[in-house]
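>>> what shape does this take:
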Amino acid sequence: MSACVPTRAADQKRTERTHPPHSPPPAGPRRFRIAGADVSASIAVFLIALPLSLGIALATGAPLQAGLVAAAVGGLVAGRLGGSPLQVSGPAAGLTVVTADLIQRYGWRTTCAITVLAGLAQLGLGCLRVARGALAVSPAIVHGMLAGIGVTIAVAQLHIVLGGTPQSSVPDNLRALPAQLAHMRPAAVSVSVLTLALLLLWPRLPGRAGSLLRKVPAALVAVAGATAAAALAGLRLPKVDLPSWSNHALAGLPEGPVPGLVAAVLTTTLVCSVQSLLGAVAVDKLVAGRPGLPRVGRSNLDRELLGQGAANIVSGSLGGLPIAGVAVRSSANVHAGAVSRNSTMLHGVLVVIATLLMVPILELIPLASLAALVMAVGIQMVSLNHIRTVTRHREVWVYAVTTLGVVSLGVLEGVALGIATAVGVALHRLTRTRITHEEREGVHHVHVRGQLTFLAVPRLSRALHLVPHGADTVVELDGSFMDHAAFETLQDWQKTHTAQGGTVEITGRHPGTRISEPQTSGDCRCRPWTPWRNHQCEGPRSVPPAEQNTRGPDRSEPDPTATGGSSGSSGHELARGISTFQRNTAPLVRSELARLAREGQRPSQLFLTCADSRLVTSMITSSGPGDLFVVRNVGNLVPRPGEESGDDSVAAAIEYAVDVLQVRSITVCGHSGCGAMQALLNSEPGGARSPLKRWLRHGLPSLERMADDSLPGGRLAGRSPADAVEQLCLTNVVQQLEHLRAHDSVARAIEQGSLELHGMYFHVGEAEAYLLTETDAGGVFDRVRESDLTA
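The predicted structure follows:
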């Protein structure tokens, strides 16, 4: 017997050594299983990807097979290796302008080689772990770049929609447009109009039948409807032509001037990487807004960059278009209920099958229909929401310059102009300081608006020397930064002026202190968030024993009804607080509040929390005026809609926030030591139905959810709740989110992808905020991580 073949005795001894007697047999190999949700999601994504891939290939001037190759590789390679499980990659509209320019300059085979080199560059960036750094680019530049690309796509495809051929640049396309309109082809226009009409109207089908039909992607319906209409009408139009795969061109050695090739690789790398990384972050937000489904891990951006690089190498080698994360397909994947990367990979398999078996059907599609589809995508890339956002943040110049630069000069040049403009705007804000001097009622006021740097010291000195010796002076500092040169100038002048018999009061910012911590007059060392009872300037206020036993459900303030109303000292505290605000805080926020008064409120979030006085919403969220639309009640409860004797005030606030203010997220925030939850635990059936008891009945579903032994309990930063009250507080947040979803306006906004729901828990004693990450049973709450902030 050969020494390489083990004997039966030796085999038995090895088995006994590995598995002791009487132990269960080892488990067999794990079977590969695909969740049903992933299968249905992959079909939905495939039906969107197929026409869009052909349309983008048409828009770039590449072989139409290149779009299908990129879609398949994006699904299989990027889907398997990427760091964002639910992001769908493939040929992206954002790359259309770049790719079209490369094909025109260098030809198709060199463009494929540039795609391979861009993939290698992405691999290098991923290994260097610089993915997070790409997110440091100003959103105004990114959105401006995408808007410029969208305008370029729309203007170019308009020529094909009219039955003509696009030119090489936007100015050339605009100059040729009048002649194209004079010689447009009615057949191409009619097919394009039908495509656009179906794209626009299909998502708006009313009624129950409409909700079922809307499950079919509008892009597929538009192209299929236009193709069927053209075939039935017998229209003679240019159609999709897929040559034999034996003639498909693969990548060749790059040919052309080296500086131009390097610039092309850098441009492709930049656009692919930024679009993919921003798409991964957006997918994380979409996933976080659909609690109730299995948890999907947060994107690993460095791994995503590696996956995108590998996909571009494979796609370019096989003669495919450049690949990036695609927002439309990723959003469809998330909303279709995908739970793993299997949906993305399966959609790539379906694209391969369609490419091999559906060629006769694909060749029936009119090119005008695909052009209309891509033109609509280009128009959607110019987002009004993004324009409003950059306008609100005073970065509209950066957005406009980037957009015009991309349209007029190209992507790389437009982005460079946008970066230069952003730097210029930042420097302008830093150096723009307005210093004024005026005399009112014998008091000289020196008002400084803006950042006080060494560049403003000469103007500051001139203004200060206008103050006569011995005069009473108020220096108002309205800014967030003061450098050392300005500090010394102000301090030296203050000492000199005081020595000459004058008085100096500096408001808004004392030398050596932060602007966020204005000091009150005299020797007060208290901060704006210091409770009245703890103000050191007047000594701590003791709480009488009788008052300690008259706490309301949230137990942080005495119940005024128990003592016959508020005392005179409470009125004094209120007046003192108002006076301090007018003196210290009002000068800092007056301009911002004036802007809000002119423009109206446009909060981004509805924040629903408890009435407990220990929860200072602006403090724990670091928000300011106009940021949060706040609804507070006892126990942070959301009554179910239509419930008998329900509470319309909460429902009205939700409807107003979602439908009128169009908030983008709703947060339900609970807290530790909630008196309402304690009262709910101690409640007994029957008894007097006081207003408080009638209100707390909206929390009974939370109590029932917590009592359900079949569901796991809540977790707080990896630990079990400290007691039953904390358990109920956590469970109540999850339950009220369920009630929120039952409101029509909320359900409609979530379905449209315009609204996210979040759960939050604030531990008062620890001054620690926790975010809801899993909604099973009592919920899983984790601390806010730096990665959450960066994303």
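
>>> check which helix or strand Ala485 maps to.
helix 484-499 (DSSP states H and E).

>>> check which helices and strands that helix is in contact with.
Applying 3 or more Cβ pairs under 8 Å, 6 or more residues apart in numbering; DSSP states H and E, one finds that helix 484-499 contacts helix 457-464, strand 503-507. C-betas here are computed from N, CA, C, even on glycine.

>>> just how off-centre is it within its chain?
45 Å (Cα atoms, centre = their mean, to the nearest Å).

>>> quick one, it and strand 503-507 angle?
140 degrees (axes from the mean of the first three to the mean of the last three Cα atoms, to 10 degrees).

>>> now helix 484-499 - C-alpha only, PDB.
C-alpha atoms of helix 484-499 as PDB (Å, rounded to 0.1, in the frame of the first residue of the first chain):
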ATOM      1  CA  HIS A 484      -3.800  87.200  18.500                       C
ATOM      2  CA  ALA A 485      -3.000  90.500  16.700                       C
ATOM      3  CA  ALA A 486      -6.500  91.700  17.000                       C
ATOM      4  CA  PHE A 487      -6.700  90.500  20.600                       C
ATOM      5  CA  GLU A 488      -3.600  92.500  21.600                       C
ATOM      6  CA  THR A 489      -4.800  95.600  19.800                       C
ATOM      7  CA  LEU A 490      -8.100  95.600  21.600                       C
ATOM      8  CA  GLN A 491      -6.700  94.700  25.000                       C
ATOM      9  CA  ASP A 492      -4.000  97.500  24.800                       C
ATOM     10  CA  TRP A 493      -6.600 100.100  23.800                       C
ATOM     11  CA  GLN A 494      -8.900  99.000  26.600                       C
ATOM     12  CA  LYS A 495      -6.200  99.400  29.200                       C
ATOM     13  CA  THR A 496      -5.100 102.800  27.900                       C
ATOM     14  CA  HIS A 497      -8.700 104.100  27.600                       C
ATOM     15  CA  THR A 498      -9.600 102.900  31.100                       C
ATOM     16  CA  ALA A 499      -6.400 104.500  32.600                       C
END
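
>>> export the helices and strands packed on helix 484-499 to TSV and tack on mean pLDDT and mean neighbour count?
As requested, those are exported to TSV (pLDDT from 0 to 100; neighbours: other Cβ atoms under 10 Å):
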stretch	mean pLDDT	mean neighbour count
helix 457-464	89	16
strand 503-507	86	17
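
>>> let's have these in a markdown table, adding distance to Arg748.
Shown next, in a markdown table, are the helices and strands packed on helix 484-499 (distance: least, Cβ to Cβ, whole Å):
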| stretch | distance to Arg748 |
| --- | --- |
| helix 457-464 | 54 |
| strand 503-507 | 48 |
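
>>> would you pull up how far stretch 574-588 lies from the middle of the chain?
Taking Cα atoms, centre = their mean, one finds stretch 574-588 lying 35 Å from the centre of the chain it belongs to.

>>> please apply the same query to stretch 196-205.
Averaging C-alpha positions (Cα atoms, centre = their mean) puts stretch 196-205 26 Å from its chain's average.

>>> kindly report the same for stretch 616-631.
With Cα atoms, centre = their mean, you get 18 Å for stretch 616-631.

>>> for it, buried residues please.
Within stretch 616-631, the residues that count as buried by 16 or more other Cβ atoms under 10 Å are Thr617, Ile620, Thr621, Ser623, Gly626, Asp627, Leu628, Phe629, Val630, Val631.

>>> which strand or helix spans the second one?
Here Ile620, judged by DSSP H and E, is contained in helix 617-621.

>>> ok, the next helix or strand after that helix: who's next to it in the sheet?
Using DSSP H and E, the helix or strand that follows helix 617-621 in sequence is strand 628-633. Paired with strand 628-633 in the same sheet, following DSSP bridges, are strand 605-610 (parallel).

>>> got the CA positions of the partner strand in CSV?
Extracted in CSV, the C-alpha atoms of strand 605-610 (Å, rounded to 0.1, in the frame of the first residue of the first chain):
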residue,chain,number,x,y,z
GLN,A,605,-36.1,67.9,10.8
LEU,A,606,-39.1,67.3,13.0
PHE,A,607,-37.9,66.6,16.5
LEU,A,608,-40.5,64.9,18.7
THR,A,609,-39.5,64.6,22.3
CYS,A,610,-40.7,64.7,25.9
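
>>> and that strand, how far out from the chain middle?
Relative to its chain's centre, strand 605-610 lies at 19 Å (Cα atoms, centre = their mean).

>>> now swap in stretch 478-495 and tell me
39 Å.

>>> buried sites along that stretch?
Buried residues in stretch 478-495 (16+ other Cβ under 10 Å): Asp478, Gly479, Met482, Ala486, Thr489, Leu490, Trp493, Gln494.

>>> show me what contacts the closest residue to the fifth one other than its chain neighbours?
Spatial nearest neighbour of Thr489, chain neighbours left out: Val457 (5.2 Å); criterion: Cβ to Cβ, 6 or more residues apart in numbering. Shown here is Val457, whose contacts under the criterion Cβ atoms under 8 Å, 6 or more residues apart in numbering are Ala485, Ala486, Thr489.

>>> dump the residues you listed into JSON lines; add distance to Thr344 as well.
Converted to JSON lines, the contacts of Val457 look like this (distance: Cβ to Cβ, whole Å):
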{"residue": "Ala485", "distance to Thr344": "56"}
{"residue": "Ala486", "distance to Thr344": "55"}
{"residue": "Thr489", "distance to Thr344": "60"}
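
>>> tell me the pLDDT of Val658.
Here the pLDDT value assigned to Val658 is 93.

>>> tell me the secondary structure at it.
helix (DSSP: H, G, I helix; E, B strand; the rest coil).

>>> circling back to that earlier point, taking the buried residues of stretch 616-631 together, which two end up most distant?
Greatest spacing in the buried residues of stretch 616-631, by Cβ to Cβ: Ile620 and Gly626 (17.4 Å).

>>> quick check: next helix or strand after the helix or strand where Leu700 lies?
Element membership of Leu700 [criterion: DSSP H and E] is helix 700-707. For helix 700-707, the following helix or strand on the C-terminal side (DSSP H and E) is strand 715-716.

>>> and Val638, how many neighbours?
By other Cβ atoms under 10 Å, the residues close to Val638 number 29.

>>> what pLDDT does it get?
92.

>>> thinking again about what came up before, turn the buried residues of stretch 478-495 into TSV, including pLDDT and distance to Asn342.
Formatted as TSV, those follow (pLDDT from 0 to 100; distance: Cβ to Cβ, whole Å):
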residue	pLDDT	distance to Asn342
Asp478	81	56
Gly479	75	54
Met482	81	56
Ala486	85	60
Thr489	88	65
Leu490	89	64
Trp493	91	70
Gln494	89	69
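
>>> relative to Val137, which of those is nearest.
Among those, and counting by Cβ to Cβ, the member closest to Val137 is Gly479, at 26.5 Å.

>>> now do the SS call for the closest residue to Cys112 other than its chain neighbours.
Excluding the flanking residues, the one nearest Cys112 by Cβ to Cβ, 6+ apart is Ala251, at 3.5 Å. Under three-state DSSP, Ala251 falls in the coil class.

>>> please tell me how far Ala251 sits from Val69.
Applying Cβ to Cβ, to the nearest Å, the value for Ala251 to Val69 is 11 Å.

>>> just to revisit the earlier point, outside of the helix holding Leu700, which residues touch it?
Residues outside helix 700-707 that contact it (Cβ under 8 Å, 6+ apart) are 680-681, 711, 713, 727-728, 731-732, 734-736, 738-739, 777-778.
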